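Asks: Mind looking at a prediction? Sequence and model below.
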2 protein chains.
Amino acid sequence: MNIEMIRAAAARLNGHARRTPLLSSHFLDEIAGRRVWIKPECLQHTGSFKFRGAWSALSAMDPAKRAKGVIAFSSGNHAQGVALAAKLHGTSAVIIMPADSPQLKLDNTRAYGAEVVTYDRAQEDRDEIGVRLSKERGLTLIKPFDEPLVIAGQGTCGLEIAEQAAELGITEADVIVCCGGGGLTSGIALALEADAPGLRVRPAEPEGFDDVARSLRTGGIERNNATSGNICDAIITPQPGDITFPLMQARCGPGLVVSEDEALHAMAHAFNRLKLVAEPGGAVALAAALFRTDQITGDDVIVTISGGNVDAPMFARALESLT
Amino acid sequence: MNIEMIRAAAARLNGHARRTPLLSSHFLDEIAGRRVWIKPECLQHTGSFKFRGAWSALSAMDPAKRAKGVIAFSSGNHAQGVALAAKLHGTSAVIIMPADSPQLKLDNTRAYGAEVVTYDRAQEDRDEIGVRLSKERGLTLIKPFDEPLVIAGQGTCGLEIAEQAAELGITEADVIVCCGGGGLTSGIALALEADAPGLRVRPAEPEGFDDVARSLRTGGIERNNATSGNICDAIITPQPGDITFPLMQARCGPGLVVSEDEALHAMAHAFNRLKLVAEPGGAVALAAALFRTDQITGDDVIVTISGGNVDAPMFARALESLT
């Protein structure tokens, strides 16, 4: 896993993935006490950064193998990314999703033409289902984060951040990244190490699901106690990946942790001040920038809004936090 | 009023206004039966395109005159644009706003440092208040649309559309623009006439406030019967401007008209499919693209989402239309 893989992914994504802008708001700067720069990956195709990694993986596959179809498991953002990337490559996708995924994510994954297989998050093992189906049908598994081609795709977001920060004259800053399994976090960290070494990546996670923050602290892979029960469905992965963790350990930290209420409040600020729709898991980095100001240093902070796939009732709940 | 004024405005706006992207969604394409390209001016500074015109006007002023302060009247988007442009130019702004403006617009205008003077839309004449205050205090009036420097600023949005359409290979399309007094509509039309003559501007308005559509049809300036009573507060201007109407008459039409419910439904689609926050008046062009498909020709249609300054309860109402 190296920077050249990310540059190669960027070449494959060129003209297919969106180059998202870097946004800001005077109001958010005032709350944070420093300038806050937003990388809105909710504006990426399929509403999250996951399209980058999915396109990276699909576009690098042997065409004959790709034509047989792909399979993925995901709570919904990787699902949509793989579904659309498969559709655009003219192949089929089977996506294994928890039955309690947000309805929008289930609906959209199907609408992109994928076959959705749901499972019970508490009772069934998605890995087992994935291995069985991929063998039975000759499908290639596209892992959600612990896969170099996927990490390389997510890393293209970091190449853009490096360029956009340079245009703004920002040479030193914390870059807070919404973190589940660590694909986006490690990809951005690799890109910044090469192109903007003064920018330091810091993972953001929800309380109770801070496996990456704890793993970075102890130096070994730590698991979460729970596997469900948090509104940040996109990033409540059980533990960091075998590939992503060493990448993060060498380049990232310390982690930042926010509450569900703070994630909802950050969603409301994104609505009010940025005119962006963020999902709970996509808002934890902004929440950290706004509500953990004493744990951040420097005049500038860069945050990802990693996704915006949220059902209307959850969004309405976030808006209520404005009053 | 000519294209050179728009190019000069673009030079003044460079590095100050945002170049907004051109977005799309497979789901919206399916509803519309053609490719739909979104110019999201809700992502512009202050949450609407109005910052372009305000910056254009303020940046072209004689510095000594500017230092004495400016005054504007507006239901809220021009208000915020002028307030922020004045703040960034180090001068003061007085903004005359209807007392029933959305709370967010009143709050933000004040938060950008402007002095807000409210008036009763039904009882008082904002022009009279504006003339009196500008004389008493030596303030320069920045009109919301019938002012060449303001039209030139809004026209920079059209220069960007021309470039972005060319990158996509789009040479012929309807460009639907949310239309109040016609500043954005006429500015974009002038820019496209010069840089993308195959793109035709069509104003979109709410039912009952279709003064521009009717004026284009009859060839003379037509007024609306009502001056309030529609959720599209940003664009319920009484009639097209003396400067904007001839510009539109020579270049734009026919107009498209949508209902309040269709505007709300378009807001819900922008939430769901684009992860963007649109206000009712900013969603009428998208509504026309989605729900007036038989009045539109061609394989591509381009629409502005002109603003996103909407209070949470109104947005929640739009989300309810999803179910």
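Replies: Cool, the structure landed. Numbers count the residues shown, from 1 in each chain, chains lettered A, B, ... in the order given.

Asks: who in chain A is up against chain B?
Replies: By C-beta under 8 Å from any C-beta of the partner chain, the part of chain A that sits against chain B consists of A:18-21, A:23, A:26-27, A:40, A:42-43, A:47, A:84, A:104, A:108, A:111-112, A:268, A:271-272, A:274-278, A:308, A:312, A:315-316, A:319-320, A:322-323. Any C-beta I mention is one placed from the backbone N, CA and C, and that applies to glycine too.

Asks: In helices, which of these appear?
Replies: A:26, A:27, A:84, A:104, A:108, A:111, A:268, A:312, A:315, A:316, A:319, A:320 (DSSP state H).

Asks: any idea which of the residues you listed is closest to residue B:152?
Replies: Taking C-beta to C-beta as the measure, residue A:26 is the one of those closest to residue B:152, at 24.7 Å.

Asks: Domain-wise, how is chain A divided?
Replies: A:3-48+A:148-320, A:50-141 (automatic domain parsing).

Asks: need the ones you listed in TSV with mean neighbour count, can you?
Replies: As requested, the domains of chain A are exported to TSV (neighbours: other C-beta atoms under 10 Å in any protein chain shown):
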stretch	mean neighbour count
domain A:3-48+A:148-320	22
domain A:50-141	20
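
Asks: Can you flag the weakest of those domains by average pLDDT?
Replies: Among those, domain A:50-141 carries the lowest mean pLDDT, at a mean of 93.

Asks: can I get the CA coordinates of stretch A:232-249 in PDB?
Replies: C-alpha atoms of stretch A:232-249 as PDB (Å, rounded to 0.1, in the frame of the first residue of the first chain):
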ATOM      1  CA  CYS A 232     -24.000   6.600  13.300                       C
ATOM      2  CA  ASP A 233     -24.700   3.400  11.400                       C
ATOM      3  CA  ALA A 234     -22.100   4.100   8.700                       C
ATOM      4  CA  ILE A 235     -19.100   3.900  11.100                       C
ATOM      5  CA  ILE A 236     -19.900   1.400  13.900                       C
ATOM      6  CA  THR A 237     -17.500  -1.100  12.500                       C
ATOM      7  CA  PRO A 238     -16.400  -3.700  15.100                       C
ATOM      8  CA  GLN A 239     -12.700  -3.000  14.900                       C
ATOM      9  CA  PRO A 240     -10.000  -1.400  12.600                       C
ATOM     10  CA  GLY A 241      -8.800  -3.500   9.700                       C
ATOM     11  CA  ASP A 242      -5.600  -5.600   9.600                       C
ATOM     12  CA  ILE A 243      -4.400  -3.400   6.700                       C
ATOM     13  CA  THR A 244      -5.900  -0.100   7.800                       C
ATOM     14  CA  PHE A 245      -4.700  -0.200  11.400                       C
ATOM     15  CA  PRO A 246      -0.900  -0.200  10.800                       C
ATOM     16  CA  LEU A 247      -1.400   2.500   8.200                       C
ATOM     17  CA  MET A 248      -3.200   4.600  10.700                       C
ATOM     18  CA  GLN A 249      -0.900   3.800  13.600                       C
END
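
Asks: How far away from the center of its chain is stretch A:87-103?
Replies: 17 Å (C-alpha atoms, centre = their mean, to the nearest Å).

Asks: Now do the end-to-end distance for it.
Replies: Length of stretch A:87-103, first residue to last, C-alpha to C-alpha, to the nearest Å: 21 Å.

Asks: Please apply the same query to stretch A:18-29.
Replies: 26 Å.

Asks: And the contacts of that stretch?
Replies: Residues from elsewhere that reach stretch A:18-29, judged by C-beta atoms under 8 Å, 6 or more residues apart in numbering or on different chains: A:35-41, A:43-45, A:157, A:160-161, A:164-165, A:168, A:269, A:272-274, A:276, A:286, A:289-290, A:302, B:18-21, B:23, B:43, B:84, B:108, B:111-112.

Asks: repeat that with 6 Å
Replies: Contacts of stretch A:18-29 with the rest of the structure, by C-beta atoms under 6 Å, 6 or more residues apart in numbering or on different chains, involve A:35-41, A:43-44, A:160, A:164, A:273-274.

Asks: Among the residues you listed, name the ones in strands.
Replies: Among those, DSSP state E puts A:35, A:36, A:37, A:38, A:39, A:40 in strands.

Asks: Quick one: the strands in the stretch 201-323 of chain A, in order.
Replies: A:256-258, A:300-305 (DSSP state E, counting those that start in this stretch).

Asks: Let me have the ones you listed in a markdown table, adding distance to residue B:65 as columns.
Replies: Putting the strands of the stretch 201-323 of chain A into a markdown table (distance: least, C-beta to C-beta, whole Å) gives the following:
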| stretch | distance to residue B:65 |
| --- | --- |
| strand A:256-258 | 48 |
| strand A:300-305 | 35 |
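
Asks: ok, the contacts of stretch A:18-29 vs chain B, which is closest?
Replies: Taking C-beta to the nearest C-beta as the measure, chain B sits nearest to residue A:43 out of these, at 6.0 Å.

Asks: can you tell me which residues contact that closest one?
Replies: Residue A:43 makes contact with residue A:20, according to C-beta under 6 Å, 6+ apart.

Asks: How is residue A:16 assigned, secondary-structure-wise?
Replies: Under DSSP: H, G, I helix; E, B strand; the rest coil, residue A:16 falls in the coil class.

Asks: How is the residue nearest to it when sequence neighbours are not counted assigned, secondary-structure-wise?
Replies: Excluding the flanking residues, the one nearest residue A:16 by C-beta to C-beta, 6 or more residues apart in numbering or on different chains is residue A:55, at 5.6 Å. The three-state assignment at residue A:55 reads helix, by three-state DSSP.

Asks: ok, residue A:55 - contacts?
Replies: With the criterion set at C-beta under 6 Å, 6+ apart, residue A:55 makes contact with A:13, A:16, A:17, A:85.

Asks: again, only this time at 8 Å
Replies: Contacts of residue A:55 by C-beta under 8 Å, 6+ apart are A:12, A:13, A:16, A:17, A:81, A:85, A:88, A:153.

Asks: Cross-check the contact I'm expecting between the first one and residue A:57.
Replies: No. Counting by C-beta atoms under 8 Å, no contact exists between residue A:12 and residue A:57, whose distance comes to 9.8 Å.

Asks: hey, C-alpha coordinates of the helix or strand harbouring residue A:136 in CSV?
Replies: Using DSSP states H and E, residue A:136 falls within helix A:126-137. Presented in CSV, the C-alpha positions along helix A:126-137 are these (Å, rounded to 0.1, in the frame of the first residue of the first chain):
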residue,chain,number,x,y,z
ARG,A,126,-22.1,-11.5,7.2
ASP,A,127,-18.7,-12.8,6.4
GLU,A,128,-20.0,-16.3,6.3
ILE,A,129,-22.9,-15.3,4.0
GLY,A,130,-20.4,-13.4,1.8
VAL,A,131,-18.0,-16.2,1.4
ARG,A,132,-20.7,-18.7,0.7
LEU,A,133,-22.5,-16.6,-2.0
SER,A,134,-19.2,-15.6,-3.6
LYS,A,135,-18.2,-19.3,-4.0
GLU,A,136,-21.6,-20.4,-5.1
ARG,A,137,-21.9,-17.8,-7.8
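
Asks: what's the helix or strand just after that helix in contact with?
Replies: Heading C-terminal from helix A:126-137, the first helix or strand you meet, by DSSP H and E, is strand A:140-141. Outside of strand A:140-141, the residues that reach it under the criterion C-beta under 8 Å, 6+ apart are A:61, A:65, A:66, A:68, A:69, A:70, A:71, A:72, A:130, A:131, A:134.
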